[in-house]
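Participant: I'll drop the sequence and a predicted model, then ask my questions.
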Amino acid sequence: MSRLLLLHTSHLITSFNLRTTTIFPKTGPSINISTTFSQTQSRSLHSLNFERNFSIKAFDTTENDDVANVSSPSSEGEKAEDSSQNGNLQKDSSNFNEFYNDDKYPSGEFEFRHHGAWKSFVVKCRMLFAFPWERVKKGSVLTMKFGGQITDQLKSRFSSGLSLPQICENLIKAAYDPRVSGVYLHIEPLNCGWGKAEEIRRHILDFKKSGKFILGYAPVCGEKEYYIGCACEELYAPPSAYFALYGLTVQASFLGGVLEKVGIEAQVQRIGKYKSAGDQLTRKNISEENREMLTRLLDNINIHWLDKVSLARGKKKEDLQNFIDEGVYQVEKLKEEGWITDIKYDDEVRSMLKERLKIPKDKILPVVDYRKYSGVRRWTLGLTGYKDQIAVIRASGSISRARGPFNMRGSGIIAEDIIEKIRTVRESKRYKAVVIRIDSPGGDALASDLMWREIRLLADSKPVVASMADVAASGGYYMAMGTGTIVAENLTLTGSIGVVTGKFNLEKLYEKIGFNKEIISRGRYAELTAAEQRPFRPDEEELFAKSAQNAYRQFRDKAAFSRSMSVDKMEEVAQGRVWTGNDAASRGLVDAIGGLSRSVAIAKQKANIPQDQEVTLVELVRPSLSLPEILTGLGNSLVGVDRMLKQLSDDLSFSEGIQARMDGIMFQELDGADYSSPIMIMMKDYLGSL
């Protein structure tokens, strides 16, 4: 009936126990609730020792033409324009400057290198013998439609949706492909976090180094879409486009009043003043600590957005802020002020491209779309065959220990699968280093701890770098802190070192509906997890509080050990608080700011591979071609039912055990990531109908 949660945000992930129809599933006795931590800590904290060196970068410098620093503006002009809001962010980070040592890590900046005569000849020969699906007409334009959900996992040919690694790889391939003349991006509303948006934007800027054109087209555009679109060489919109550059928001919703009316009392124990998970079930309004945390996160995102966009458009930040505050929605005004290149329909942009490429009007513009171009092998373009290999292990989604009956491959992080990959890499001499790419709100704490142990063992034998995407919090951060170096995007949501535990008291609800439940038990605390028909007794509530305190200390101390920090210093940044990547870096929770390319560069450095020497990245978590996934791809037209089933199967697989996860309900407006529970959504709908 109860469960211990190590959550990321101010909301509590809930799951229905199908046997009792209550929100918290039945687990083992709470008195043993923290053994997951204590059993491994005594062995791992002393058997694994490798020296940490802190090298923190406040802002990535891989974007040469578009660099900004949240804490340290990049020019004297910008310094003069800093708002008091930015100054507060600087002041709050001033006590943690001892963690900064940017010179220690390479930037991983992309360098476009023209093929020599011999390599160009080899590439042309390979193109002659390429598979039919790899054939691309000379002078083609790569078209990619960004919109909806973007996963951090590779996708098979039969899978629907967009894959971040394949988007990035397509841009790299197109930069070197002599058959591709440029890129045309169709940008629709995105359902991804700011970390993925930053990675896409970085690759757009990298592609521009090839000298080829890259155009954007945005019929519906918010802050995130514009953040990507303004990095393009040109940005177009139709005359009827919906532009909503009105500013960023974050929302927190509360069910305390609803539950009170229907006779449900959520009894929650929170450890850490910022651990607001559970507030949604107990409170009717936001707490001051939660407001402080959310305000900080929103300020970071807002300042970062203003910095990047103003630099990309050659504007002052104050002009951009004034423009937003005007509430401009007319596309004509956007053009007049220089925020878009021109007003054109899609067919007009394509006609313009035909003129630019000197294609007769009666001919069709040669294009190759995202899906087809994803099938073009790097080998065909001469981008493989490098001697040194670095393994990439992608861990995306909610964490569970074992594959359940409803789990499909790619539906989340299955600890036993990841551990198998880690052990394979550890035992192999083939790989010089490893990058673990994490995009996870967390999940099962036991699973996270088992992976942490294996990652530490792997890091003891070869360099291991963690690369964070949109979110790596709670169980996701648990995994990352087992590596030697952690790299995050500026706006990656991370940290959340805290715990919460609780149960529902349904006594009043049962009275209203005339339901009764009698329990016969043996043992003082036998009814602790079974008696939802009454509140805790004082001794039961005390046990709940002690078990939560113990679990928090274990989590905090293990984080302090992994990051080579004192417990007191870790306590300052723990307490359940969520940080953006740049704040986490300034506090020693993250080592460097950047994307996958910087993570690879650091891995090369740790493995003593020269930075100018190319390496082969070996993706160990490959997409499967199982029948369920094929059917999932074919059934994508059923209004996204495949996505809902995957989320539902994730929640059903967490029916037992300690949890270390975030619930992204409140972050949907903040970062676009959809980590909300479908079961919670159904519960809201049900309660709304009462």
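Facilitator: It's in.

Participant: where does the chain have its least confident helix or strand?
Facilitator: Each helix and strand of the chain was given a mean pLDDT (mean pLDDT, DSSP states H and E); the minimum falls on helix 35-47 at a mean of 36.

Participant: what residues are up against the residue minimising distance to the centre of the chain?
Facilitator: For the chain, residue 470 is the residue whose C-alpha lies nearest the centre (Cα atoms, centre = their mean; 1.9 Å). Listed by Cβ atoms under 8 Å, 6 or more residues apart in numbering, the contact set of residue 470 reads 152, 192-196, 439, 492-493, 671, 673. All C-beta atoms are positioned from the backbone trio N, CA, C, and that covers glycine.

Participant: if we use 7 Å, what do you get?
Facilitator: By Cβ atoms under 7 Å, 6 or more residues apart in numbering, the contact set of residue 470 is 192-196, 439, 492-493, 671, 673.

Participant: host element of it?
Facilitator: strand 464-473 (DSSP states H and E).

Participant: helix or strand right after that strand?
Facilitator: Using DSSP H and E, the helix or strand that follows strand 464-473 towards the C-terminus is helix 475-480.

Participant: mean confidence for that following helix?
Facilitator: Mean pLDDT, helix 475-480: 91.

Participant: ditto for stretch 239-246
Facilitator: 92.

Participant: how far out from the middle of the chain is it?
Facilitator: Distance of stretch 239-246 from its chain centroid, counting by Cα atoms, centre = their mean, to the nearest Å, is 27 Å.

Participant: for stretch 598-610, same thing?
Facilitator: Distance of stretch 598-610 from the chain centroid (Cα atoms, centre = their mean) equals 23 Å.

Participant: quick one: buried residues of it?
Facilitator: Neighbour counts over stretch 598-610 (16 or more other Cβ atoms under 10 Å) mark 598-607, 609 as buried.

Participant: quick one, what contacts residue 126?
Facilitator: Residue 126 sits next to residue 380 when contact means Cβ under 7 Å, 6+ apart.

Participant: so what pLDDT did it get?
Facilitator: You'll see residue 126 listed with a pLDDT of 88.

Participant: for the one 3 residues further on, same thing?
Facilitator: What the model reports for residue 129 is a pLDDT of 81.

Participant: go on, residue 340?
Facilitator: For residue 340, the predicted pLDDT is 95.

Participant: looking at this, it is in a strand?
Facilitator: No: per DSSP: H, G, I helix; E, B strand; the rest coil, residue 340 lies outside any strand segment and is coil.

Participant: quick one, what contacts it?
Facilitator: Contact analysis of residue 340 by Cβ under 7 Å, 6+ apart lists 235-237, 334.

Participant: inside helices: which ones of those?
Facilitator: Among these, DSSP state H puts residue 334 in helices.

Participant: what's the closest of the contacts of residue 340 to residue 619?
Facilitator: Among the contacts of residue 340, residue 235 lies closest to residue 619 (Cβ to Cβ), at 32.1 Å.

Participant: residue 540 - that's part of a strand, no?
Facilitator: No: looking at residue 540 with three-state DSSP, it is helix, so not inside a strand.

Participant: that one: neighbour count?
Facilitator: When neighbours are counted by other Cβ atoms under 10 Å, residue 540 registers 21.

Participant: that one contacts residue 526, doesn't it?
Facilitator: No: the pair residue 540 / residue 526 is not scored as a contact, 10.4 Å apart, by Cβ atoms under 7 Å.

Participant: and the gap between residue 239 and residue 440?
Facilitator: Distance of residue 239 to residue 440, given as Cβ to Cβ, to the nearest Å: 42 Å.

Participant: out of these two, which sits in the more crowded spot?
Facilitator: In this view residue 239 and residue 440 are compared by other Cβ under 10 Å, and residue 440 has more residues nearby, 31 against 11.

Participant: pretty sure the more buried one contacts residue 396?
Facilitator: Yes: at 6.4 Å, residue 440 counts as touching residue 396 under the criterion of Cβ under 7 Å.

Participant: which neighbours do these two share?
Facilitator: Taking Cβ under 7 Å, 6+ apart as the criterion, residue 440 and residue 396 both touch residue 413.

Participant: just checking, which of the contacts of residue 470 comes out lowest on pLDDT?
Facilitator: Lowest confidence among the contacts of residue 470: residue 671, with 44.

Participant: thank you, goodbye.
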